[in-house]
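>>> Requesting a structural model of the entry that follows:
(one chain, ligands or ions: 1)
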Amino acid sequence: MARGPRRTPRSRAREEALAAAAAVRVPARCDVAVVGGGAAGLAAAIAAAESGASVVVLERGLACGRTILATGNGRCNFMNATLCGPAPAWERYNDPAFVAAVCGPRFGDDVLAFFEECGLAWAEEEGGRLYPLSRQAASVREVLLARAARAGVVLAPAREVAGISMSRHEVRIRPLFEADFSSKKGLMYTSLVYAAGGGEETARSLGLACAPYEPVLCSLACAAPQDVSLAGLDGRRAHVVARLVRDGREVAREVGEVLFRPYGLSGIVVFDLSRRARPGDVVALDLTCGLDRDRARALVAAAGGCAGVLDPVIAGALGPDALEQAFDLRFVVTGHTEPERAQVTRGGLLTEQFDPASLEARELPGLFACGEALNVDGACGGFNLAWAWRSGLVAGRAAAKSAGNRA
Ligand SMILES: Cc1cc2nc3c(=O)[nH]c(=O)nc-3n(C[C@H](O)[C@H](O)[C@H](O)COP(=O)(O)OP(=O)(O)OC[C@H]3O[C@@H](n4cnc5c(N)ncnc54)[C@H](O)[C@@H]3O)c2cc1C
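Numbering: from 1, shown residues only. You can find the predicted model right below:
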């Protein structure tokens with residue numbers, strides 16, 4: 001008897017997910033369609049449904065909220081505490097004025113109130129990073145999916161949207177999966193929230209201006225200082241003060257952990273500097289993390305070596321004048337690297353096309369956008385997800401209201 005291909009647990013899970021997705025009936029008409037069931041799309045869908053709208057989420061992946069599972073190394077750094085209180089850390093975003101106008105003075109507090117209502121407990125770590133108490137990204141996803149279900153949101157995975165066209169009274173969506181739809185006209189909704197993250201093609205079908213997408217929050221390819229072998233440092237981590245220097249002028253400074261790689265530098269501080277770094281810039285590391293230089297020299301003299309001040313392996317790789325090098329170890333940036341592992345893409349729909357109070361497109365009433373689809377990016381530490389949640393809530397509420405007015 002001929003045997004079919006072997007079914008692995010993974011292929012079985014995929015088949016089950018496909019069957020579950022196929023069983024979802026996509027409504028051909030409803031008040032609000034959300035394109036993209038990631039962080040921003042789920043927040044938007046919940047907000048719209050809780051405002052009284054009928055809502056469908058069209059997600060191209062096999063399940064909604066899967067992008068959340070990969071965040072924070074599977075732990076989901078979902079917010080940053082420095083966004084709470086009367087003076088949120090707007091400067092952690094590329095477009096602070098727009099983020100402030102959208103998110104309002106209670107930015108962080110509003111995000112946390114939303115998660116409190118979802119039933120999520122959280123804990124704070126270094127740098128104000130907030131994680132679910134369970135330290136499992138799945139906790140964040142589960143509470144969102146449960147709240148979306150309670151609100152009556154239809155989650156329709158495995159439904160990739162190929163094109164969107166807008167008219168004065170409705171939004172028409174061209175799906176890739178025609179099987180669902182008896183009408184050749186596609187799907188028609190009153191309002192649309194575009195929450196498809198950082199990808200160009202569908203965004204361009206909206207006919208709005210887009211900044212080109214480029215990876216940010218990624219590692220930097222660098223040339224090491226003479227006599228320092230990157231291979232010898234590979235895999236070592238150090239707590240540093242890192243400065244990004246351009247034409248002799250400091251343009252950014254971060255404190256935290258750097259990871260040495262054979263191609264250059266990685267780690268959280270380097271991810272943050274990567275948002276501003278250009279080829280030819282210098283990343284200057286102080287491996288003593290600001291320790292008074294005379295005191296550091298005295299400690300090294302007392303110990304008879306650098307081991308009391310520096311990681312001995314790093315000191316060994318730096319050679320005989322390790323301490324002096326460690327005060328100001330300079331790497332020349334040659335480019336961004338591992339773009340496929342970048343946490344965020346810069347670029348997307350230009351923000352000036354959207355009213356910050358509602359995130360509605362000024363020239364396309366009924367179209368709203370949120371999350372990474374817009375040209376907004378933030379530093380490492382929970383800032384990007386915070387933007388996704390808050391902008392999703394703003395867009396979702398406004399889309400529901402607009403659908404009510406336009407119906
Ligand atoms: C590895 C990794 C780790 C990260 N860790 C953190 C962290 O700890 N903290 C933090 O703040 N940020 C983190 N980020 C960034 C954060 O995940 C993003 O900023 C956030 O997910 C953006 O949310 P979004 O909903 O706008 O986009 P996404 O989460 O990308 O969701 C977009 C969704 O739209 C769907 N989609 C796209 N095109 C279509 C289409 N044509 N039709 C239908 N559906 C479509 C996609 O499948 C996806 O599900 C991390 C990112 C990565 C890659």
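
>>> Let's test this: mean pLDDT of stretch 218-235, rounded?
Across stretch 218-235, the average pLDDT comes to 88.

>>> The closest residue to residue 135 other than its chain neighbours: neighbour count?
For residue 135, ignoring the flanking residues on the chain, the nearest one in space by Cβ to Cβ, 6 or more residues apart in numbering is residue 75 at 4.7 Å. Backbone N, C-alpha and C define where each C-beta goes, glycine included. The number of residues packed near residue 75 is 18, by other Cβ atoms under 10 Å.

>>> Output stretch 128-135 as PDB - backbone C-alpha positions only.
C-alpha atoms of stretch 128-135 as PDB (Å, rounded to 0.1, in the frame of the first residue of the first chain):
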ATOM      1  CA  GLY A 128      10.900  50.100  33.200                       C
ATOM      2  CA  ARG A 129      10.300  47.100  30.900                       C
ATOM      3  CA  LEU A 130       6.900  45.500  31.700                       C
ATOM      4  CA  TYR A 131       6.300  41.800  31.100                       C
ATOM      5  CA  PRO A 132       3.300  39.600  31.900                       C
ATOM      6  CA  LEU A 133       3.700  38.200  35.400                       C
ATOM      7  CA  SER A 134       3.900  34.700  33.900                       C
ATOM      8  CA  ARG A 135       6.800  35.900  31.700                       C
END
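
>>> who touches that stretch?
Under the contact criterion Cβ atoms under 8 Å, 6 or more residues apart in numbering, stretch 128-135 has outside partners 72, 75-82, 112, 120-125, 139-140, 381-382.

>>> How about the residues of the stretch 1-150 of the chain by the ligand?
Residues of the stretch 1-150 of the chain lying close to the ligand (Cβ under 6 Å from any ligand atom) are 35-41, 58-61, 67, 70-72, 76-77.

>>> one more time with 5 Å
Contact residues, the stretch 1-150 of the chain versus the ligand (Cβ under 5 Å from any ligand atom): 36, 38-40, 59-61, 67, 70-72, 77.

>>> Equivalent analysis for the stretch 201-350 of the chain, please.
202, 343.

>>> so where is the stretch 251-400 of the chain shaky, pLDDT-wise?
Judged against pLDDT under 70, the stretch 251-400 of the chain has no low-scoring part.

>>> mind listing the strands in it by residue range?
With DSSP state E, counting those that start in this stretch as the criterion, the stretch 251-400 of the chain has strands at 264-266, 282-286, 329-337, 344-349, 354-355, 360-361, 367-369.

>>> Contacts only, for the closest residue to residue 283 other than its chain neighbours.
Excluding the flanking residues, the one nearest residue 283 by Cβ to Cβ, 6+ apart is residue 331, at 4.7 Å. Neighbour list for residue 331: 220, 222-225, 264-265, 282-285 [criterion: Cβ under 8 Å, 6+ apart].
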